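**Student:** Quick check, what structure comes out for this input:
(2 chains)
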Amino acid sequence: GAGVSQSPRYKVAKRGQDVALRCDPISGHVSLFWYQQALGQGPEFLTYFQNEAQLDKSGLPSDRFFAERPEGSVSTLKIQRTQQEDSAVYLCASSQGTSGGGGETQYFGPGTRLLVL
Amino acid sequence: AQKVTQAQTEISVVEKEDVTLDCVYETRDTTYYLFWYKQPPSGELVFLIRRNSFDEQNEISGRYSWNFQKSTSSFNFTITASQVVDSAVYFCALSEARGYGGSQGNLIFGKGTKLSVKP
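**Tutor:** Model prediction:
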């Protein structure tokens, strides 16, 4: 596609429910990032994929958060047993991944706004 | 430690005024990259500019200009003759060279500056 797409755009979950958030990166982009943005704050890094390999998951806040990108394109961020503090906007970004040295421009999707009641 | 500080939480100007958004960063790396993104009310982060640490030349793009000064670790953003459509939250971000300190090139964002341009 022309840009990064994410679904759903909005998700309301009851505390304790599992949720799955989808990201479809720009076609051909090797690198994929997930960020969490709390209200009134800047995005914070969660995890990074290079193709299907998850190379960095240091930002995942707990073991309830799990991400995958099995075929190196679409990625899913799963949150198990959601808590109220998980309420945030979850942003996905992709970059070409060809420079090998970091610092590439990341292109963001519209985000998924998650509200846990 | 890597850090980005945007000291201005909110700025309000009247249309056609010039406005400067400040950004100060901290990094131990000698190779790094700086970015500005715009986040309109719709929520999507829109890329504006990317600079690497070796290029201190200021850049102008239409009404937008950026002033990068390594001596003060600042990367400020100026909008000339602001318009209502410029109203948004603006984020400054830092990315270190991949592999340094375990970094994978992820972005480190400031808290953002909310700009309101009134007609």
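
**Student:** Ramachandran coordinates for residue A:85?
**Tutor:** phi -70, psi -10 (degrees, to the nearest 10).

**Student:** Residue A:34 and chain B: what is the separation?
**Tutor:** Using C-beta to the nearest C-beta, to the nearest Å, residue A:34 is found at 10 Å from chain B. (Each C-beta comes from the backbone N, C-alpha and C, glycine too.)

**Student:** Look up the residues forming beta bridges with that residue.
**Tutor:** residue A:47, residue A:92 (DSSP bridges).

**Student:** quick one: contacts of the worst-scoring helix or strand of chain B on mean pLDDT?
**Tutor:** When the helices and strands of chain B are scored by mean pLDDT, DSSP states H and E, strand B:59-61 comes last with a mean of 89. Strand B:59-61 is contacted by residues B:49, B:51, B:65-66 when judged by C-beta atoms under 8 Å, 6 or more residues apart in numbering or on different chains.

**Student:** Tell me the helix or strand right after that strand.
**Tutor:** Under the assignment DSSP states H and E, the closest C-terminal helix or strand after strand B:59-61 is strand B:64-69.

**Student:** what's the average pLDDT for the very next helix or strand once past that next one?
**Tutor:** Next along the chain after strand B:64-69, taking DSSP H and E as the criterion, comes strand B:74-79. Average pLDDT, strand B:74-79: 97.

**Student:** got the residues of chain B near chain A?
**Tutor:** Applying C-beta under 8 Å from any C-beta of the partner chain, we find that chain B lies next to chain A at B:4, B:31-33, B:35, B:37, B:42-47, B:50, B:52, B:91, B:93, B:95-100, B:102-112.

**Student:** Can you show me the helices along chain A?
**Tutor:** Per DSSP state H, chain A carries no helices over any range.

**Student:** lowest-confidence helix or strand of it?
**Tutor:** Per-SSE averages on chain A (mean pLDDT, DSSP H and E): minimum strand A:53-56, a mean of 92.

**Student:** Of all the residues in that strand, which ones are buried?
**Tutor:** A:54, A:56 (16 or more other C-beta atoms under 10 Å in any protein chain shown).

**Student:** tell me which parts of chain A are close to chain B?
**Tutor:** So chain A meets chain B at A:31, A:33, A:35, A:40-45, A:48, A:50, A:55-56, A:58-59, A:89, A:91, A:93, A:95, A:100-111, A:113 (C-beta under 8 Å from any C-beta).

**Student:** 7 Å instead?
**Tutor:** Within chain A, the positions near chain B by C-beta under 7 Å from any C-beta of the partner chain are A:33, A:41-43, A:45, A:48, A:55-56, A:89, A:91, A:100-108, A:110-111.

**Student:** Which members of these are classed as buried?
**Tutor:** Buried among these by 16+ other C-beta under 10 Å: A:33, A:42-43, A:45, A:48, A:56, A:89, A:91, A:102-108, A:110-111.

**Student:** now residue B:93, what's its secondary structure?
**Tutor:** Under DSSP: H, G, I helix; E, B strand; the rest coil, the three-state class of residue B:93 is strand.
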